[in-house]
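> 3D, please:
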Amino acid sequence: MTIADVFAVVVGLALLCGGLAALAVLLQTLFPNAIARAADHAGNRPVRMGFLGGFAFVFFFLSIVIAGKLPGIGHLFALTVLLTGLSTAMLGGAGVIRRLSEKLPQNQHSNGFIGLLQSAAILELTFLIPFVGWFVILPATFAVMLGTGLRTLFHIPGFLRQPVAPQPVQTFHVQA
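Numbers count the residues shown, from 1 in each chain. Have a look, this model is predicted:
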């Protein structure tokens with residue numbers, strides 16, 4: 001293994017880390033109510049969301065394998081199922097990241113987006129821990145993300161504590 005291989009792996013992981021954080025901020029900006037629902041689902045019942053995501057993963061995996069073996073349009077259907085599952089998991093992942101950012105201690109310099117970026121970085125750094133991060137934390141977190149995304153997409157009213165409302169803008173007055 002040369003230094004170029006090590007550099008390629010490190011740069012790839014850094015780009016992946018920045019990609020998840022940027023996607024979480026983008027989803028939070030575009031769909032604040034859906035991400036708030038996802039954060040509530042992920043925070044209130046993470047074990048239930050994990051089991052739901054585990055069952056959904058098995059369903060998606062079997063659908064992809066079966067559709068991949070079909071001739072003709074089966075490959076397109078398998079790709080569609082794969083992208084649907086990953087998009088649903090990312091919706092739930094943005095909720096998990098938001099919930100994590102709400103639970104982290106905040107200082108005066110971190111606002112909403114900085115907190116989301118910090119939470120995404122912390123979550124991704126836990127995936128880099130050898131063996132425990134790869135085979136325990138990553139699959140468990142992905143199952144929670146997938147279950148949370150599914151529960152958010154198939155929203156049942158009444159589960160939320162309170163709806164998300166726009167926050168008032170704080171103004172500062174300078175006295176001369």
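
> Just give me the residue closest to the centre of this protein.
Gly93 (1.2 Å; C-alpha atoms, centre = their mean).

> distance of that residue from Leu76?
Here Gly93 is placed at a distance of 25 Å from Leu76 (C-beta to C-beta, to the nearest Å). Bear in mind the C-beta positions are built from the backbone N, C-alpha and C, glycine included.

> what does Leu104 give?
Taken as C-beta to C-beta, the span from Leu104 to Leu76 is 42 Å.

> same deal with Phe7?
For Phe7, the distance to Leu76 - C-beta to C-beta - is 37 Å.

> just to revisit the earlier point, was I right about the residue nearest to the centre of the chain contacting Leu20?
Yes: under the criterion of C-beta atoms under 8 Å, Gly93 makes contact with Leu20 at 7.2 Å.

> Now for Ala42, how many residues are close by?
28 (other C-beta atoms under 10 Å).

> tell me which element Ile97 is part of?
Assessed by DSSP states H and E, Ile97 sits inside helix 74-103.

> List the buried residues of that helix.
77-78, 81-82, 85-86, 88-101 (16 or more other C-beta atoms under 10 Å).

> now the protein, which segments are flagged as low pLDDT?
The chain contains residues with pLDDT under 70 at 13, 17, 107-111, 156-176.

> again, 90 this time
1-26, 28-29, 41, 43-45, 70-72, 101-135, 138, 154-176 (pLDDT under 90).

> ok, the residue nearest to Glu102 when sequence neighbours are not counted - contacts?
Residue nearest to Glu102 in three dimensions, not counting chain neighbours: Ala39, with 6.9 Å by C-beta to C-beta, 6 or more residues apart in numbering. When contacts are counted by C-beta atoms under 8 Å, 6 or more residues apart in numbering, Ala39 touches Gly95, Val96, Arg98, Arg99, Glu102.
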